[in-house]
Every structure is written in structure tokens, then in C-alpha cells.
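A.B. asks: Structure, please.
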Amino acid sequence: MELTKEQQERFRRSLKVEGFGPEEQCRLLRSRVAVVGAGGLGSAALSYLVAAGVGHLTLVEFDRVSLSNLQRQILYTTADLGEPKAEVAAMRLSRMHPGCEIRVEDRRLTEACAEEILAGHDAVVDCTDNYETRYLIDDCCGRLAIPMIYGTAEQMGGQVSVFHTASSGSYRALYPERPDSLSEVGVFPPLVGVIGSLQALETLKWLGKGRSSLEGVLFVMDGTTLQCQCFQIGR
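C.D. replies: Purely as a prediction, here's the structure:
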């Protein structure tokens, strides 16, 4: 596969990054990524994955746009209230890069359909906001041997890690017991953009180079102080 003249121009600034050339860009164009959740984290992660040149994207989201989403979910506008998020997001992303093939799964990820939806992808990006779905993604990625790019944002803090590669463990190993959670938590708008962008960054590094800085590492950010820490985590 060779880049067309249009692709060379579209991705020209990426191709000027040291260590990232036509070979890596072609890998992105051939790659298949599933993103579960098109909310705050998903808005940022999806936008950068599509803009960077991921060739095939599966968007899993069953919710509809509500007024409280608009504080942080930048793929949507007031005119989209009540519309299916998956359809609206796919439309916006297609305009961003028409060359990206987007498959919409406008349904909840469950045990019954998880393997059917996630199988065949090179990476799964977890942009969910609940533990039940996150453990489901983790277990499914473990069975399918697909890297899971995990992210979470709450209040003024966030975490990112990569699971299910040759040198990393699982989310369930990191959190064997489901943490307590509220039905709704506060989150500061830019924080989800930062964490979602970091998820996209690590996904693109994995797809282009076959490695991520966060395999077996938990990145933790405090948005109040802008202090960041990385913790080695076992398998």
C-alpha cells in the first residue's frame, strides 16, 4: 500500500514527525479500531483517531444526546438534542475524514453481543463511564487478545492505561473488586478532552509502531495541580 497524493497532503504534518513515516501512516489506514462510548472521552478520542487516519472505525453507543451532555461532549450541539449519539457522531466524523469507514453499533454492549462486535479489531478504546461495561470490555479483550486502551475521568482527575498486550495485564487485575460509584459524578469539561486525547495518542502509537508507553503502566493526572504520575502495575 502506498499513500496517494491526497493522503500525503492530508497527513503531511504527521509524516514530518520523527519516527513516523509513510509506513506507519499506512498501518493506520489499514487499522480497525472499536471505540465503546461516544460521550466526553469518546468525543476527543474519536475525533483524533479519525483525523489521524484510522481507516476503519466501529462506534458503539446506544445513548441519545441530552442537554447535560453538551457541557463536555464536543461532537454534539443543541440542535442534536434527542438524536442518537452514534448517528450524529458518525456524520460529524465522516465530514472530518471521508476516507474513514465508520460502522455504527447503536446498541448497548452486552455479554451476548460483545465478542461479535469487538472481534477482528486491532484495538478497543474504552470510553465508557460505568464499571459494568468496562469489566465486560476487559474480559472480552482478554479472550480475543485485543489491546484495550482504558481511560477514565472524574471530578478533576483522570487515568489512562493499556491492557492485554504481551507486556501488560488486565483492568480486572488492577481492580479485582468493583469500586463503589455514584449514579452520576462531576467532571470538569476540559479534563475529558485531555484524557480522551491521551487514549487516542496511545492507540495511534500502538497501531503505528506496535508499542505504547502505557503497557503495564497506569498514568494518573490531577487536573487541579497538573501533577502527573506513572505507576508500574503487575499482570
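
A.B. asks: need the contact list for the residue lying closest to residue 122 once chain neighbours are set aside.
C.D. replies: In space, residue 122 comes closest to residue 31 once its chain neighbours are excluded; the distance is 4.8 Å by C-beta to C-beta, 6 or more residues apart in numbering. (Glycine included, C-beta is placed from N, CA and C.) Contact partners of residue 31, counting by C-beta atoms under 8 Å, 6 or more residues apart in numbering, are 54-56, 122-123, 207.

A.B. asks: Roughly how far does residue 31 sit from residue 48?
C.D. replies: In this view, residue 31 and residue 48 are 14 Å apart by C-beta to C-beta, to the nearest Å.

A.B. asks: do residue 42 as well
C.D. replies: For residue 42, the distance to residue 48 (C-beta to C-beta) stands at 11 Å.

A.B. asks: do the same with residue 197
C.D. replies: According to C-beta to C-beta, residue 197 stands 6 Å off from residue 48.

A.B. asks: More neighbours: those two, which one.
C.D. replies: Under the criterion of other C-beta atoms under 10 Å, the comparison of residue 197 against residue 48 puts residue 48 first, with 20 against 17.

A.B. asks: Confirm that the more buried one sits in a helix.
C.D. replies: Yes - counting by DSSP: H, G, I helix; E, B strand; the rest coil, residue 48 is located in a helix.

A.B. asks: For it, which non-adjacent residue is closest in space?
C.D. replies: Per C-beta to C-beta, 6+ apart, closest to residue 48 is residue 200, 3.8 Å.

A.B. asks: Identify the residues contacting that neighbour.
C.D. replies: Counting by C-beta under 8 Å, 6+ apart, residue 200 touches 44-45, 47-49, 52, 125.

A.B. asks: number of nearby residues for the residue lying closest to residue 105 once chain neighbours are set aside?
C.D. replies: Here the nearest residue to residue 105 in space, its sequence neighbours aside, is residue 60; by C-beta to C-beta, 6+ apart that works out to 4.4 Å. Neighbours of residue 60 under the rule other C-beta under 10 Å: 28.

A.B. asks: swap in residue 37?
C.D. replies: The tally of other residues near residue 37 (other C-beta under 10 Å) stands at 28.

A.B. asks: cool, residue 58 as well?
C.D. replies: 19.

A.B. asks: how close does the residue nearest to residue 122 get to residue 24?
C.D. replies: Distance of residue 31 to residue 24, given as C-beta to C-beta: 11 Å.

A.B. asks: Packing partners of the worst-scoring helix or strand of the chain on mean pLDDT?
C.D. replies: Of all helical and strand segments in the chain, the minimum by mean pLDDT, DSSP states H and E falls on helix 171-174, at a mean of 94. When contacts are defined as 3 or more C-beta pairs under 8 Å, 6 or more residues apart in numbering; DSSP states H and E, helix 171-174 packs onto helix 131-144, strand 157-163.
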